[in-house]
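In: this is a predicted model, with the sequence first.
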Amino acid sequence: MTPFISSTLGISLGLGTTMTFSSTHWYLAWMGIEINTLAIIPLMAQNHSPRAVEATTKYFFAQATASATLLFATVSNAFLIGEWDILQSHHPLTATLITLALAMKIGLAPLHSWMPEVLQGLPLFTGLILSTWQKLAPLCLIFQIQPSNPDIFVSLGLLSILVGGWGGFNQVQLRKILAYSSIAHLGWMILILPFSLPLTLIALFMYLIMTFSLFSSFMISRSTHINTLSASWAKIPALTASTPFILLSLGGLPPLTGFLPKWLILQELTKQNLAPIATLAALSSLFSLYFYLRLSYAMTLTMPPNNPAGTLPWRLSLQNSTLLPAMATTATIFLLPLTPTILSLFPL
């Protein structure tokens, strides 16, 4: 792909998200999401392999279905209410359709089936864009929809946490595991959204940092399968030492950064007299913790059965920039003591 095309697609990704962020009209917001979708499709299919083309096709059909549903729901809402403004009240039926369409856009359960299959067929860098940047515009619209009945958000959140943890069982492809991890973390965000928008923003902020650091670690070590993790100690020992902490932070173990959003979310759910839901969410997150521990075990406590032939991997020079991954990894591990500062930035 030429630099001109790459820069054009990158600018389009930024333009689409910015347009959705700044729009108060449903049609303009929908246009921003579509610009985002059309910009990432060439990036997904640039390898021209059958698996990449299959993933791109699945992504296109899933996003086209969600976009058509979103446009139909917004037009119906304008017909029933007479308003195109996103911040105005919505008809209960159209609000539900809009929520489900946006849930399919970001891959919330039970509309998640495209996410693991698509992410599995993509390079890690494109998968990082799909798991982080592509979710910002739909999430911005979800944040602005506040239905009178929060049951749909609670149901989608709990189901996503459960599916995200359960689906990662017995997976050996790292990109599929990352997809189910994304589904579970989005479930935590949607679960708390009807009760506290600042906590949702904190969870999103932490998710972006942790996901970027984990994707960067896998990109540096060029790992796409769980069996390749055991050889990472020979390539980059420092990365082998830090990646398990990133994985455990994603699992939400104290005293790592990932414990912060889950702790605050469970505390808020308890304050809202939703202790059973908080208990179910906490127990469901144990499923996710299982495959994070599995990856940590494969990376630190196992060794490859034989030495790789050819040039020794630890003598190869690194071609990746490690400044941003190092900063993200540090934030992923050490942000928990800064909880009071973070809460002051997001007043509850």
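Out: That came through fine. Just so we're clear, the structure is a prediction, and the values are computed from it rather than from any experiment. Residues are numbered from 1 along each chain as shown.

In: so for stretch 270-287, what's the average pLDDT?
Out: Averaged over stretch 270-287, pLDDT sits at 92.

In: who's in contact with it?
Out: 154, 157-158, 161-162, 164-166, 168-169, 184, 188, 191, 195, 251-252, 262, 265-266, 269 (C-beta atoms under 8 Å, 6 or more residues apart in numbering). No exception for glycine: its C-beta is placed from N, CA and C like everyone else's.

In: what are the buried residues along the helix or strand where residue 35 lies?
Out: Residue 35 is located in helix 26-44, with elements delineated by DSSP states H and E. If you call a residue buried by 16 or more other C-beta atoms under 10 Å, then helix 26-44 has these buried ones: 26, 29-30, 32-37, 39-41, 43-44.

In: quick one: low-confidence parts of the stretch 201-348 of the chain?
Out: By pLDDT under 70, the low-scoring segments of the stretch 201-348 of the chain are 234, 303-320, 348.

In: try it again at 80.
Out: The model of the stretch 201-348 of the chain has pLDDT under 80 over residues 230-237, 301-322, 347-348.

In: show me where it has helices.
Out: Along the stretch 201-348 of the chain, the segments classed as helices by DSSP state H, counting those that start in this stretch run 232-235, 237-251, 259-271, 275-300, 323-334, 339-345.

In: need those in a markdown table with mean neighbour count, can you?
Out: As requested, those are exported to a markdown table (neighbours: other C-beta atoms under 10 Å):
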| stretch | mean neighbour count |
| --- | --- |
| helix 232-235 | 20 |
| helix 237-251 | 21 |
| helix 259-271 | 19 |
| helix 275-300 | 18 |
| helix 323-334 | 17 |
| helix 339-345 | 12 |
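
In: which of the ones you listed sits closest to residue 107?
Out: helix 275-300 (15.2 Å; C-beta to C-beta).

In: quick one, that closest one and helix 237-251 angle?
Out: Relative orientation of helix 275-300 and helix 237-251, computed by axes from the mean of the first three to the mean of the last three C-alpha atoms, to 10 degrees: 170 degrees.

In: between helix 259-271 and helix 275-300, find me the angle.
Out: 170 degrees.

In: and helix 275-300, how far out from the chain middle?
Out: Here the centre of helix 275-300 is set off from its chain's centre by 16 Å, with C-alpha atoms, centre = their mean, to the nearest Å.

In: pLDDT below threshold where in the stretch 51-200 of the chain?
Out: Looking at the stretch 51-200 of the chain by pLDDT under 80, you get 89, 146-149.

In: can you show me the helices along it?
Out: Taking DSSP H, counting those that start in this stretch, the helices of the stretch 51-200 of the chain run over residues 92-106, 114-120, 124-131, 133-144, 151-166, 174-192, 197-221.

In: comparing these, which comes out most buried?
Out: Each of the helices of the stretch 51-200 of the chain was assessed for mean neighbour count using mean count of other C-beta atoms under 10 Å. The highest is helix 174-192, with a mean of 26.

In: the spatially closest residue to residue 67 that is not a sequence neighbour and residue 70: what is the separation?
Out: Nearest in space to residue 67, with sequence neighbours left out and distances taken as C-beta to C-beta, 6 or more residues apart in numbering, is residue 34 at 6.1 Å. Distance of residue 34 to residue 70, computed by C-beta to C-beta, to the nearest Å: 10 Å.

In: what of residue 191?
Out: In terms of C-beta to C-beta, residue 191 sits 22 Å off from residue 70.

In: and residue 82, how many neighbours does it have?
Out: Residues contacting residue 82 under the criterion other C-beta atoms under 10 Å number 8.

In: keeping just the C-alphas, turn stretch 255-269 into CSV.
Out: Only the C-alpha atoms of stretch 255-269 are listed here, as CSV (Å, rounded to 0.1, in the frame of the first residue of the first chain):
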residue,chain,number,x,y,z
PRO,A,255,-2.5,-4.1,42.9
LEU,A,256,-2.5,-3.6,39.1
THR,A,257,-4.3,-0.9,37.1
GLY,A,258,-7.0,-3.2,35.8
PHE,A,259,-8.4,-3.6,39.3
LEU,A,260,-9.3,0.1,39.4
PRO,A,261,-12.3,0.2,37.1
LYS,A,262,-13.8,-3.1,38.3
TRP,A,263,-13.4,-2.0,41.9
LEU,A,264,-15.2,1.3,41.3
ILE,A,265,-17.9,-0.3,39.1
LEU,A,266,-18.7,-3.0,41.7
GLN,A,267,-18.8,-0.3,44.4
GLU,A,268,-21.2,1.8,42.4
LEU,A,269,-23.5,-1.2,41.6
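
In: check what contacts it and list those residues.
Out: 188, 191-192, 195-196, 199, 202-203, 206-207, 209-210, 245, 248-254, 275, 277-278, 281-282, 285, 331-337, 339, 342-343.
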